[in-house]
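1. Give me the fold of what follows.
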Amino acid sequence: MNDCCSTDRPPINLRKCRCPVNGREYSEVSIRTIVHHIKDPWHWDSKGHRYFFCDDSRCEVAYFADDGSVILKAQLRTREQFPDALVCYCFGVTKTGAKDPRAKAFVVQQTSQGQCSCVTSNPSGRCCLADFPKKRGRIALPLNQS
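-> Below you'll find the predicted structure:
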């Protein structure tokens, strides 16, 4: 007999977990990412847990583990690395700068050439291209204007 409510079943999404402070579900992030963002990483012990990135700007948590332990935003090297300032961490594109279509074109070009470092630069460990403002119209601008 198939028991759909069995507690022996693995969680549906092993790559997400709920923040112990705000209760929202967030994606897993690599230890490599965290080590590049926390103050004094030589004092931190990951203890082999899986970690997740909380991107809620109102939440004090930056990263949390599947055991409920947390790394607070105050424990990071810089607070500017949260979404209120930057859209692209690799190339320093701010929210204001991201409104210029040439900024996204530049980041796309650099990313396609393997020049980005999202895993270590972006606190989420993910590519920033999805965070750029959505186009309202199709305007193609050249990267270099002579």
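2. Without its sequence neighbours, what residue ends up closest to the residue nearest the centre of the chain?
-> Closest to where the C-alpha atoms of the chain average out (C-alpha atoms, centre = their mean) is Ser124, at 1.5 Å. Leaving aside its chain neighbours, Ser124 sits nearest to Phe53 (4.7 Å; criterion: C-beta to C-beta, 6 or more residues apart in numbering). Every residue, glycine included, has its C-beta placed from N, CA and C.
3. try Ala65
-> Nearest to Ala65 is His49, by C-beta to C-beta, 6+ apart, at 3.8 Å.
4. Quick check: that neighbour touching Gly68?
-> No: counting by C-beta atoms under 8 Å, Gly68 is not a contact partner of His49; they are 9.5 Å apart.
5. biggest helix in the protein, by residue count?
-> For the chain, the helix that runs over the most residues, judged by DSSP state H, is helix 101-112.
6. buried stuff in that one?
-> By 16 or more other C-beta atoms under 10 Å, the buried positions in helix 101-112 come out as Pro101, Ala103, Lys104, Val107, Thr111.
7. Same check on stretch 85-100?
-> Leu86, Val87, Cys88, Tyr89, Cys90, Phe91, Val93, Ala98.
8. check contacts around the fifth one.
-> Read that as Cys90. Val107, Gln110, Gln115, Cys116, Ser117, Cys118, Ser121, Asn122, Cys128 (C-beta atoms under 8 Å, 6 or more residues apart in numbering).
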